[in-house]
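Novice: Prediction below, plus the sequence it came from.
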Amino acid sequence: DGKLDTQIGTLALSSGGSAFISNSTSILIDTVGGTSGATAAGDLMIEATGSIGVNQAFEATAGTGLLAALAGSATLDATVTAGSHLSILASASVTQNANVSAGGTLDIEATAGSFAMLDAVTATSTANLRVLAHTSILIGGLAGENIALDAGTSIDTAGATHIDLTADGVQLIAGSFVGQAFGAGNGPLQASINSLSAEAVTGGLYLDNDKSLTIEPVSAIDVDRVEIDGTPATQAGVARSEIDVKQSARVTADGNLTIDSAVDAEEGRLLLKALSGELTVNTSVGSGLDLTALANGAVALSATGLFSAGGTLDVQSATAGISMTDGSTATSVENLRFLAATDIRLGGLDAANAYLNAGGAILDNGDSHTDIVATEVQLVAGDEIGEALGTNLGLIETTADALAAQAGAGVFVDNSTALALRTIDPIAVLPNALDEAGVIQAGVTLSGISSAGAIILTTEGPLTIEQNVAAATSDLSLIHISEPTRQEAISYAVFCLK
């Protein structure tokens, strides 16, 4: 059948062509006489009915390579290289203590055990790279065109010597967790990738990317498994999308972060952070507990984008605005906070209480949803809050029990129920940066309505005024209400009852 059947304990091999070795016991690649390691100019295939140890270099210079421990583990204490496709297979575990490289695909499988790399070592492929492990995967540095990791338990980093994942697209599947929070183990996975999909069945996901990243469908990642006769057989991958984890998730990108596939931290907290770019949400993003979405640049939700938090919701743009296309929504069971350096443009917000603070204006961006539904609402803007009737989309539409507002221009609000203008205590949120100890982010105390422009407020029920309503520099302060109850001073040019 073309292979050499052997029963030896230690092997050293040098071939000017190809070599095919099938050993009936465990085997160690080492030094024998004046020959060290196993080297072939062409293909190099070694299988053993037992374990395989590599103490000296394994090299298939211009061909395919195979190391297959058919009834045991593979331990790589010296370099393993192939000019073409490379497969490293073990019925138990694979331990990599030296660098591995392939000029084609790299296929690693630990059928009944784990795959573990030392922090200082790398495994690289010029094509796709796949690792399958029955239990855990521990990463030093992996690099390939695309990477698929599938672990029965965890996917974790061995340390910080190398970037853990360097590739175009990456699929991560773990029975428990992928990476860990700061302060736990070696922390999040460090990546340099373009696209990501991930699943953690019972645990969470922690990954930091050093450039822009898109959460999107990742096409099937196929590899070529090398057989003992040197021929490759395609191992077909499966296309995957979404990030779906049971517990908490942290995904950061040092650039733009784009969400094109759903993200769900079912029972935990979620952090999405664009460290030096924009955050764009084109589909559903949800968490069982607190949800934090941060961007240095703009935060944008398309018409199909939505945030849904089982706890608090905190959305921030450090240098730009937050824009919700008409049809998009942001909901939270507990408090909600939007902070923006420039404008906040609203689709539909629904929360226990809501605090919005914009360096520019707070504006209606469409009529598919009520702009803000909450028990208590605080609105702070450097410019106007809403716009006058007949101007663009007009008033901010609310369904609230209490309102306090402060604006550098006009305040234009239409409330669908009875409303109290009173002091509202700080509306706090719990940002889940997940690299911090969950510090409560206290809001501000805000009272009444203060505007440097006009005030137009309409309600569909009684209006109770418990704090000052003042239009400091405008010629007009207009409150258009039904059934007023006045308890504090009102500064106005016209007070209109209807």
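Specialist: That came through fine.
Novice: Give me the residue ranges of the stretch 301-450 of the chain where confidence is low.
Specialist: 431-440 (pLDDT under 70).
Novice: quick one: contacts of stretch 29-44?
Specialist: The contact list for stretch 29-44, computed with CB atoms under 8 Å, 6 or more residues apart in numbering, reads 10-20, 46, 52-66, 78, 82, 230. Using the backbone N, CA and C atoms, a C-beta is placed for each residue, glycine as well.
Novice: Pull out the buried positions in that stretch.
Specialist: By neighbour count on 16 or more other CB atoms under 10 Å, the buried set for stretch 29-44 is 29-30, 36-44.
Novice: Output these in CSV; the columns should cover distance to residue 323.
Specialist: CSV is the format used below for the buried residues of stretch 29-44 (distance: CB to CB, whole Å):
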residue, distance to residue 323
29, 60
30, 64
36, 64
37, 60
38, 60
39, 60
40, 60
41, 61
42, 59
43, 57
44, 58
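Novice: Now list the buried members of the contacts of stretch 29-44.
Specialist: Buried, going by 16+ other CB under 10 Å: 11-13, 15, 18-20, 46, 52-56, 58-61, 63-66, 78, 82, 230, out of the contacts of stretch 29-44.
Novice: Identify the farthest-apart pair in the buried residues of stretch 29-44.
Specialist: 30 and 42 (22.1 Å; CB to CB).
Novice: Find out how far stretch 137-145 is from the centre of the chain, if you would.
Specialist: 19 Å (CA atoms, centre = their mean, to the nearest Å).
Novice: Show residues contacting it.
Specialist: The contact list for stretch 137-145, computed with CB under 8 Å, 6+ apart, reads 96, 105-106, 114-129, 131, 149, 151, 154-159, 161-168, 174, 189.
Novice: Quick one: mean pLDDT for that stretch?
Specialist: Averaged across stretch 137-145, the pLDDT comes to 98.
Novice: Buried ones in it, by neighbour count?
Specialist: Counting neighbours by 16+ other CB under 10 Å, stretch 137-145 gives 137-144 as buried.
Novice: Stretch 168-188 now?
Specialist: Under the neighbour-count criterion of 16+ other CB under 10 Å, stretch 168-188 has 169-181, 185-188 buried.
Novice: follow-up on the earlier one: going through the contacts of stretch 137-145, which ones are buried?
Specialist: Neighbour-count burial (16+ other CB under 10 Å) is assigned, among those, to 96, 105-106, 114-119, 121-129, 131, 149, 151, 154-159, 162-167, 174, 189.
Novice: Tell me which of these fall in strands.
Specialist: 96, 106, 115-117, 122-125, 129, 131, 149, 151, 155-157, 165-166, 174, 189 (DSSP state E).
Novice: hmm, back to that, greatest separation within the buried residues of stretch 137-145: which pair is it?
Specialist: Farthest pair in those, by CB to CB: 138 and 144, 17.3 Å.
Novice: Identify the residues contacting stretch 68-75?
Specialist: By CB under 8 Å, 6+ apart, stretch 68-75 touches 26, 46-54, 67, 87-95, 97, 110, 113, 228.
Novice: Put the buried members of those into a PyMOL selection.
Specialist: Applying 16+ other CB under 10 Å to these leaves a buried subset, and the PyMOL line that selects it is:
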select buried, resi 26+46+47+48+49+50+51+52+53+54+67+87+88+89+90+91+92+93+94+95+110+113+228
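Novice: which residues does residue 282 contact?
Specialist: The contact partners of residue 282, by CB under 8 Å, 6+ apart, come to 258-260, 302, 304-305.
Novice: one more time with 7 Å
Specialist: 259-260, 302, 304-305 (CB atoms under 7 Å, 6 or more residues apart in numbering).
Novice: so which helix or strand takes in the nearest residue to residue 348 once chain neighbours are set aside?
Specialist: Once flanking residues are discounted, residue 348 sits nearest to residue 369: 2.6 Å by CB to CB, 6 or more residues apart in numbering. Taking DSSP states H and E as the definition, one finds residue 369 inside no helix or strand.
Novice: ok, the spatially most central residue of the chain - contacts?
Specialist: By CA atoms, centre = their mean, the chain has its centre lying nearest to residue 251, at 3.0 Å. Each residue near residue 251 by CB under 7 Å, 6+ apart is listed here: 207, 272.
Novice: For the residue nearest to residue 28 when sequence neighbours are not counted, give me its contacts.
Specialist: Leaving aside its sequence neighbours, residue 28 sits nearest to residue 53 (CB to CB, 6+ apart; 4.3 Å). The contact partners of residue 53, by CB under 7 Å, 6+ apart, come to 28-29, 75, 77.
Novice: Check residue 104 too.
Specialist: Contacts of residue 104 (CB under 7 Å, 6+ apart): 84-85, 126-127, 224.
Novice: For it, which non-adjacent residue is closest in space?
Specialist: Distance criterion CB to CB, 6+ apart; nearest residue to residue 104, sequence neighbours excluded, is residue 85 at 3.7 Å.
Novice: you'd agree that neighbour is up against residue 227?
Specialist: No - in this structure, residue 85 is not within contact of residue 227 by CB atoms under 7 Å, at 10.4 Å.
Novice: higher neighbour count, these two?
Specialist: Remark: of residue 85 and residue 227, residue 85 carries more neighbours, 27 against 15, as counted by other CB atoms under 10 Å.
Novice: got the contact list for stretch 378-393?
Specialist: Contact with stretch 378-393 is made by 355-367, 394-396, 404-413, 424, 427, 443, 446, 453, 456, as judged by CB under 7 Å, 6+ apart.
Novice: Show the buried residues in those residues.
Specialist: Neighbour-count burial (16+ other CB under 10 Å) applied to these gives 355-366, 394-396, 404-413, 424, 427, 443, 446, 453, 456.
Novice: quick one: low-confidence ranges for the stretch 1-150 of the chain?
Specialist: For the stretch 1-150 of the chain, the stretches with pLDDT under 70 are 1.
Novice: how deep is the residue nearest to residue 348 tucked in, by neighbour count?
Specialist: The local packing of residue 369 (other CB under 10 Å) involves 19 other residues.
Novice: end-to-end on stretch 29-38?
Specialist: One end of stretch 29-38 to the other measures 7 Å (CA to CA, to the nearest Å).
Novice: Then stretch 226-244?
Specialist: Taking CA to CA, stretch 226-244 runs 33 Å from one end to the other.
Novice: Please identify the buried residues of it?
Specialist: 226, 228, 230, 232, 235, 237, 240-244.
Novice: starting at the chain centroid, how far to it?
Specialist: For stretch 226-244, the distance to the chain centre is 25 Å (CA atoms, centre = their mean).
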